[in-house]
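1. Turn this into a model:
(one chain, ligands or ions: 1)
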Amino acid sequence: MAENLLSIRRLGGLDVSALGFGAMVLSPGVYGEIDDERGERAMLAALDAGATFVDTSDGHGQDGHNERLVGRALRGRRDEVVIATKFGFRLPEGVEAHPFPVGFALGELAVNADPKHVRGYAEASLRELGTDRIDLYYPHFPDPQVPLADTVGAVADLVSAGLVRHLGLSNVTAGQLRAAHAVHPVTAVQTEWSMWRPVDPELLAAARELGVGLVAWSPLGAGFLTGTVGEVKEGDFRRQMPRFDAANQQMNKDRFAPVRAVAEELSITPAQLALAWLLHQDEHVVPIPGSRTPAHVQENLAAARVELPDGVRERLDVILAQTRVEGGTLL
Ligand SMILES: NC(=O)c1ccc[n+]([C@@H]2O[C@H](COP(=O)([O-])OP(=O)(O)OC[C@H]3O[C@@H](n4cnc5c(N)ncnc54)[C@H](OP(=O)(O)O)[C@@H]3O)[C@@H](O)[C@H]2O)c1
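-> Below you'll find the predicted structure:
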């Protein structure tokens, strides 16, 4: 059982710990060396430190690796957590790839969120996760070749069938959120949001108006905001990201020095400041930091208890508004 309690936040009708755990980094080929034993230890450290919200995807890791790892780690502790997973990003043989344009070296991703495949995706994820229900289920990306309402309708059918509890959306616009919510209530919208990636104000406004929770992905800027990322080695996915190109990364690191100075002044780490800053942006935002390292996991989850005085938040707003980030975004 969890030794520490974290405060609870409400995503639509779903209660989760104020900070979740993003499991993507526990698969090889994401951000550095990892093996399953180490991965399971990191995830269990998150549960022990009070996290009750775990985020994965059928597309993280090779052939369902990430979901399988999450399922194995949660054996015997399934009922302690809300499991969120995403679909349409692991395409079985014979499923047509629909290109989804992205702003990094790959240029595009292959997705397919056609309703005819959605039940099959869910059954595969349930098998990998070793569970009988997915608590929060998102199409990983809106499929440019399929009306989002049709994808959402297929998830609504899974809710009726008892395989899924809540619908989420990931990487959508405000317009897409509104259209989907009209088909079936959306519990949470997942979007990249951090100190170096402002949230789309229209998406934030729509989520607030509709009572939809916000899940902030890459809340530590894929590690950048911790101030500890050095040379990004071969086999690390950040090699694909323009912001981690060696020259850009150095420039960005220099420009974020004033942010790190605020953390030092408060006697917290830059990672804790980045997470506490997000938690103070909205009462229904839940960041999902990832880490392979139990000490980092504990440090991150402790950020749920950091109070940022108004004056500090105002100073950070000024600093961040003046900080130009070198290198494009992922999406
Ligand atoms: N919907 C989408 O399209 C989408 C896209 C990307 C991600 N996501 C979700 O968002 C989750 C988090 O994304 P992410 O992994 O990119 O995010 P992140 O939390 O921004 O960054 C993770 C990186 O930060 C490092 N780190 C974490 N805590 C640290 C600490 N206290 N000190 C030093 N370094 C630390 C980790 O290294 P160590 O392992 O060494 O600690 C890891 O390399 C993913 O697991 C995934 O579920 C969703």
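2. Now whichever helix or strand residue 313 is part of: buried residues?
-> Residue 313 is part of helix 310-322 when elements are defined by DSSP states H and E. For helix 310-322, the neighbour count (16 or more other Cβ atoms under 10 Å) marks 312, 315-316, 319-320 as buried. C-betas here are computed from N, CA, C, even on glycine.
3. ok, now stretch 11-20?
-> In stretch 11-20, counting by 16+ other Cβ under 10 Å, buried: 11-12, 14, 16-20.
4. Out of these, which is nearest to the ligand?
-> residue 20 (8.4 Å; Cβ to the nearest ligand atom).
5. per-residue pLDDT, the closest one?
-> pLDDT, residue 20: 98.
6. Now for it: which residues touch it?
-> Applying Cβ atoms under 8 Å, 6 or more residues apart in numbering to residue 20 gives the contacts 51-55, 84, 215, 286-288.
7. In CSV, list these along with neighbour count, distance to residue 148 and secondary structure.
-> CSV is the format used below for those (neighbours: other Cβ atoms under 10 Å; distance: Cβ to Cβ, whole Å; DSSP: H, G, I helix; E, B strand; the rest coil):
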residue, neighbour count, distance to residue 148, secondary structure
51, 28, 30, coil
52, 20, 29, coil
53, 28, 24, strand
54, 26, 25, strand
55, 28, 21, strand
84, 30, 18, strand
215, 28, 18, strand
286, 28, 23, strand
287, 27, 25, strand
288, 23, 22, coil
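8. Of the residues you listed, which is the nearest to the ligand?
-> Distances from the ligand to the contacts of residue 20, taken by Cβ to the nearest ligand atom, are shortest for residue 55, at 3.8 Å.
9. For stretch 193-211, give the mean pLDDT please.
-> 98.
10. Now it: buried residues?
-> For stretch 193-211, by 16+ other Cβ under 10 Å, it's 193-197, 199-200, 203-204, 206-207, 210.
11. which stretches of the stretch 201-331 of the chain have low pLDDT?
-> Under the criterion pLDDT under 70, no range of the stretch 201-331 of the chain is flagged.
12. all helices of it, in order?
-> 201-210, 246-255, 257-265, 270-279, 294-302, 310-322 (DSSP state H, counting those that start in this stretch).
13. Could you do the stretch 51-200 of the chain as well?
-> Listed in chain order (using DSSP H, counting those that start in this stretch), the helices of the stretch 51-200 of the chain are 65-73, 115-129, 148-161, 174-183.
14. Of all those, which one is nearest the ligand?
-> Here helix 65-73 is closest among the helices of the stretch 51-200 of the chain (Cβ to the nearest ligand atom), at 8.2 Å.
15. close to the ligand, is that closest one?
-> No - taking Cβ under 6 Å from any ligand atom as the criterion, helix 65-73 and the ligand are apart, separated by no less than 8.2 Å.
16. Now do the closest residue to residue 189 other than its chain neighbours: how many residues are near it, please.
-> Take residue 189 and drop its neighbours on the chain: the residue closest to it by Cβ to Cβ, 6 or more residues apart in numbering is residue 169, 5.0 Å away. A count of nearby residues for residue 169, using other Cβ atoms under 10 Å, gives 30.
17. check contacts around residue 169.
-> Per Cβ under 8 Å, 6+ apart, neighbours of residue 169: 138-139, 142, 148, 152, 176-177, 180, 186, 188-190.
18. Also residue 115?
-> Counting by Cβ under 8 Å, 6+ apart, residue 115 has contacts 146, 150-151, 153-154.
19. can you do 7 Å?
-> 150-151, 153-154 (Cβ atoms under 7 Å, 6 or more residues apart in numbering).
20. And for residue 152?
-> Going by Cβ under 7 Å, 6+ apart, residue 152 touches 167, 180, 183-184.
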